[in-house]
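[1] give the three-dimensional model of this entry:
(2 chains)
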Amino acid sequence: MSTRWPNTVFTVNGESRTVNVPPMKRLLDVLRDDLKLTGTKEGCGEGECGSCSIRMNGELVNSCLVPILQADGAEIQTVEGLEANGELHPLQKAFLACGGAQCGICTPGMLMAAVQLLAVNPHPSLAQIREGLAGNLCRCTGFIRIFESVVAAAAHEKSPPPLQALDAR
Amino acid sequence: MRGKPEAHQLVAPGSLSAVLELLASAPGQWMPIAGGTELMVAHAAGRLGAQKLVSLWGIRDLRFIESTPESVVIGAATTFRDLRAHAGIQTQLPLLATAASWIGSIANQSRATLGGNLVNGSPAADSAPALLVYDAEIELISVRGKRRIPYSVFHTGYKSNAMVADELLYAVHLPSRFQRHRQYLRKVGTRRAMAISKVALAGSALLEDGLIREVRIAAASLAAFPARLLATERALTGGPIDSNIIESAKAALLSEGKPIDDIRSSAEYRIRVAANLLEEFLNQLRTAVSPT
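    Predicted coordinates for the structure are as follows:
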């Protein structure tokens, strides 16, 4: 291991990790290349598409815009950290049940944004879901099934109530 | 990823005083980086010029909101998520809370900072029109001490500002006296979410006895930097809100606005929409004076 760079120590999905990489290396690249956590995807690489969304210290961030030095000491959650004891997270189950994923590139980011949304607001309106996921672009689904997946997860149901009903909230 | 991480130095001294010492030790050599929503985009594209960067993320002395009955002071590294969530900002400075909610997405708002938005100096900066109509003051800090300047003179040209090489933007001061004013803010972009403005307009007016006692009008993307529209304000000050004054204020805006054509919009579209936004604000004032 090179001593040229400072060690960066942080927690990923509850596990302490140490990397020795250039401090301007992007958190996204550290997750994928150094830690082999390839669930997090790169889309645009400029903070517009949200496919690299992860949670850092309880906030949703685009990991392509975080230099690894700024993750020192942070608690990070990626899509790999959503399942527990071999069981998928309720949002993952809802995405499966409702057809919320197609090609899958946006899905990890969508899931993390949805986890963040429900952590802050367990029963969001449709407008709040749209805003919570506005930074995550999907070119397959037209978004409706993704919104329905979030609604289903929030309602702890396999199939969602009609979205129109939420508009009235 | 076209940038080369190993080509850049990034340090995190961890305290405000240590950052200021570093800036003073080699003025102009160190580029401050907070949430990275601008610089990391340049980095990924391989066009980040700065070789040495100093991190402001996590420095508590730069991330604060102090609210008193007279004013609100916001630390430069306060994020737009902090601003949106703060009850004092929502009630005392509603236009700023609204502007914060427009910045990119939730993931951008959790990292992008107020100071970064101003230092970056985009003509389209979302927070700028609100700060201008609220008479914001900018507090700069260096090892030599602090100084305050009106935000209206902070920008000196396209992406240039009044800071000297060893200075850091420390805080933004906002007087609370605008709570009695009628306020307006509207942004026009390609779509509602995640869009950089084509044009944005903010207004604030104090009405007394049906007359405009005091008024502020400010715009983004009508000039090389966000600025107040002083001729438009002069056309309105002291007058009753009638069709004549609305027309003369629009004429003043059309004359003093100097937008450009670029990838996001055309000069012609920007100036016409800005005049329409002004008219919308003034019609709201007219309704407030004489409800129909």
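
[2] show me what contacts the one residue sitting closest to the centre of chain B?
    Nearest to the geometric centre of chain B sits B:Ala128, at 1.8 Å (C-alpha atoms, centre = their mean). By C-beta atoms under 8 Å, 6 or more residues apart in numbering or on different chains, the contact set of B:Ala128 is B:117-118, B:218, B:220, B:226. In short, each C-beta sits where N, CA and C put it, glycine included.

[3] and the chain, what are its domains?
    By default, I'm working from chain A. With domains defined by automatic domain parsing, chain A comprises A:7-81, A:90-164.

[4] if you could check chain B rather than the one you did, that'd help
    B:5-55, B:60-177, B:181-289.

[5] same list, those domains, but as CSV with mean pLDDT please.
    Shown next, in CSV, are the domains of chain B (pLDDT from 0 to 100):
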stretch, mean pLDDT
domain B:5-55, 97
domain B:60-177, 96
domain B:181-289, 95
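
[6] excluding its backbone neighbours, what's nearest the residue in chain A that chain B sits nearest to?
    Chain B sits closest to A:Gly135 of chain A, with a gap of 2.1 Å, by C-beta to the nearest C-beta. Of all residues not flanking A:Gly135 in the chain, B:Ser105 sits nearest, at 2.1 Å (C-beta to C-beta, 6 or more residues apart in numbering or on different chains).

[7] angles on the backbone of the one you found, please.
    Per-residue torsions, B:Ser105: phi -120, psi -180 (degrees, to the nearest 10).

[8] give the contact list for it.
    A:50, A:134-136, B:193-194.

[9] if you rank the residues you listed by neighbours, which is first?
    A:Gly50 (30 neighbours; other C-beta atoms under 10 Å in any protein chain shown).

[10] quick one: that one from A:Leu65, how far?
    11 Å (C-beta to C-beta, to the nearest Å).

[11] helix/strand/coil for the spatially most central residue of chain A?
    For chain A, A:Met112 is the residue whose C-alpha lies nearest the centre (C-alpha atoms, centre = their mean; 2.3 Å). Classification of A:Met112 by DSSP: H, G, I helix; E, B strand; the rest coil places it in helix.

[12] which residues sit in contact with it?
    Counting by C-beta under 8 Å, 6+ apart, A:Met112 has contacts A:53-55, A:60, A:77-79.

[13] element containing the nearest residue to A:Pro90 once chain neighbours are set aside, please.
    With sequence-adjacent residues excluded and distances taken as C-beta to C-beta, 6+ apart, A:Pro90 is closest to A:Ala153, at 4.8 Å. Take DSSP states H and E as the rule and A:Ala153 turns out to sit in helix A:144-154.

[14] so which residues make contact with the helix with the most length in chain B?
    Secondary structure of chain B per DSSP state H: the longest helix is helix B:267-289. Contact partners of helix B:267-289, identified using C-beta under 8 Å, 6+ apart, comprise B:182, B:184, B:186, B:188, B:198-199, B:201, B:203, B:205, B:207, B:210, B:212, B:217, B:219, B:221-222, B:232, B:236, B:240-242, B:245-246, B:249-250, B:253-254, B:257, B:259-261.

[15] show me what contacts B:Ser265?
    B:Ser265 neighbours (C-beta under 8 Å, 6+ apart): B:198-199, B:221, B:259.

[16] my bad, should have said B:Phe80
    B:Phe80 touches B:100-101, B:103, B:108-109, B:112-114, B:117, B:127, counting by C-beta under 8 Å, 6+ apart.

[17] can you rerun that using 6 Å?
    B:100, B:103, B:109, B:112 (C-beta atoms under 6 Å, 6 or more residues apart in numbering or on different chains).

[18] ok, B:Gly203 next?
    Taking C-beta under 6 Å, 6+ apart as the test, what B:Gly203 contacts is B:184, B:217, B:281.

[19] what's the neighbour count on the last one?
    Just to be clear, that refers to B:Phe281. 24.

[20] could you do the second one as well?
    Other residues within reach of B:Ile217 by the criterion other C-beta under 10 Å amount to 29.

[21] isn't there a strand covering it?
    Yes. The assignment for B:Ile217 by three-state DSSP puts it in a strand.

[22] what separation is there between it and chain A?
    29 Å (C-beta to the nearest C-beta, to the nearest Å).

[23] got a list of what that residue touches?
    B:203, B:229, B:232-233.

[24] quick check: chain neighbours aside, which residue is closest to B:Thr68?
    B:Ser176 is the one closest to B:Thr68 (C-beta to C-beta, 6+ apart), at 7.9 Å.

[25] can I assume that neighbour is in contact with B:Gln92?
    Yes. Applying C-beta atoms under 6 Å, one finds B:Ser176 in contact with B:Gln92, separated by 4.9 Å.

[26] and those two? which has more neighbours close in?
    B:Gln92 (22 against 17).

[27] pretty sure that one contacts B:Phe178?
    No. Between B:Gln92 and B:Phe178 there is no contact, the gap being 8.3 Å when judged by C-beta under 6 Å.

[28] please enumerate the shared neighbours of those two.
    Counting by C-beta under 6 Å, 6+ apart, nothing touches both B:Gln92 and B:Phe178.

[29] just to revisit the earlier point, now for the residue of chain A closest to chain B: which residues touch it?
    Per C-beta under 6 Å, 6+ apart, neighbours of A:Gly135: A:50, B:105-107.

[30] pick the one among the residues you listed closest to B:His8.
    Nearest to B:His8 out of those is B:Ala107 (C-beta to C-beta; 22.8 Å).

[31] how close does that closest one get to chain A?
    B:Ala107 is 5 Å from chain A, by C-beta to the nearest C-beta.

[32] equivalent analysis for B:Gly203, please.
    25 Å.

[33] isn't there a strand covering that residue?
    Yes. Looking at B:Gly203 with three-state DSSP, it is inside a strand.

[34] so it bridges to which residues?
    B:Tyr184, B:Ile217 (DSSP bridges).

[35] ok, now how distant is it from B:Leu254?
    16 Å.

[36] again with B:His155
    22 Å.

[37] who has more neighbours, those two?
    Counted by other C-beta under 10 Å, B:His155 and B:Leu254 do not tie: B:His155 has more neighbours, with 22 against 14.
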